[in-house]
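Visitor: sequence and predicted structure, then a few things I'm wondering about:
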Amino acid sequence: MASSNLPRRIIKETQRLLSEPAPGISASPSEDNMRYFNVMILGPTQSPYEGGVFKLELFLPEEYPMAAPKVRFLTKIYHPNIDKLGRICLDILKDKWSPALQIRTVLLSIQALLSAPNPDDPLSENIAKHWKTNEAEAVETGDHSPLPTGTTKDVSLVLPPISINSF
């Protein structure tokens, strides 16, 4: 998809994501479809997911920014707000979406959800129950992908680079 077909807002947001990445988050558009992003989020420090590397996909629908991006985890994760299919229970992806929000905001909110799971508003009832009953055990049950051997905690090393000038 040529970038000339993209709304100016998507181009600007993409350029900012590439030039000023949020700490622990890497997002780059697919070369085939600039509305589809490959995302990597590092498990936040001092969270149940510390040391994990989580791959997500983010898609901007034609209606964006009037409609929220579609986001899901591709990496398996044991989390009360994320189901087995990787769908995420996050208010700004649903009824609290506002066109004032951006891709960056969504990704930072997902990263925050990793830091502070909310078992009181679960997508997975069983995991939420486990979390409330024995959080330490639930955290140990958690299954996530460790950093590839030899990498640092810089996610830009995990994703292939895409030039800002390709827009």
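Guide: Arrived safely. These numbers come from a predicted model, not from an experiment.
Visitor: ranges for the strands of the chain?
Guide: 25-29, 36-42, 53-59, 70-73 (DSSP state E).
Visitor: the spatially most central residue of the chain - nearest residue in space that isn't next to it in sequence?
Guide: In the chain, the residue lying closest to the centroid (CA atoms, centre = their mean) is L107, at 4.8 Å. Of all residues not flanking L107 in the chain, I25 sits nearest, at 5.1 Å (CB to CB, 6 or more residues apart in numbering). All C-beta atoms are positioned from the backbone trio N, CA, C, and that covers glycine.
Visitor: for that neighbour, what are its contacts?
Guide: By CB atoms under 8 Å, 6 or more residues apart in numbering, the contact set of I25 is 39-42, 107-108, 111, 155.
Visitor: pLDDT-wise, which helix or strand of this structure ranks last?
Guide: Every helix and strand of the chain was ranked by mean pLDDT, DSSP states H and E. The lowest is helix 135-141, at a mean of 84.
Visitor: got any ranges where this structure has weak pLDDT?
Guide: For the chain, residues meeting the criterion pLDDT under 70 lie at 1-4, 142-167.
Visitor: now do the contacts for the closest residue to A116 other than its chain neighbours.
Guide: Excluding its sequence neighbours, the residue lying closest to A116 (CB to CB, 6+ apart) is S47, at 7.8 Å. Contact analysis of S47 by CB under 8 Å, 6+ apart lists 114-116.
Visitor: format the residues you listed as CSV; extra columns: neighbour count.
Guide: Output for these, formatted as CSV (neighbours: other CB atoms under 10 Å):
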residue, neighbour count
L114, 24
S115, 14
A116, 10
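Visitor: ok, the residue of the chain most remote from its centre to T141 distance?
Guide: The C-alpha centroid of the chain is most remote from T133, which lies 27.0 Å away (CA atoms, centre = their mean). Separation of T133 from T141 (CB to CB, to the nearest Å): 12 Å.
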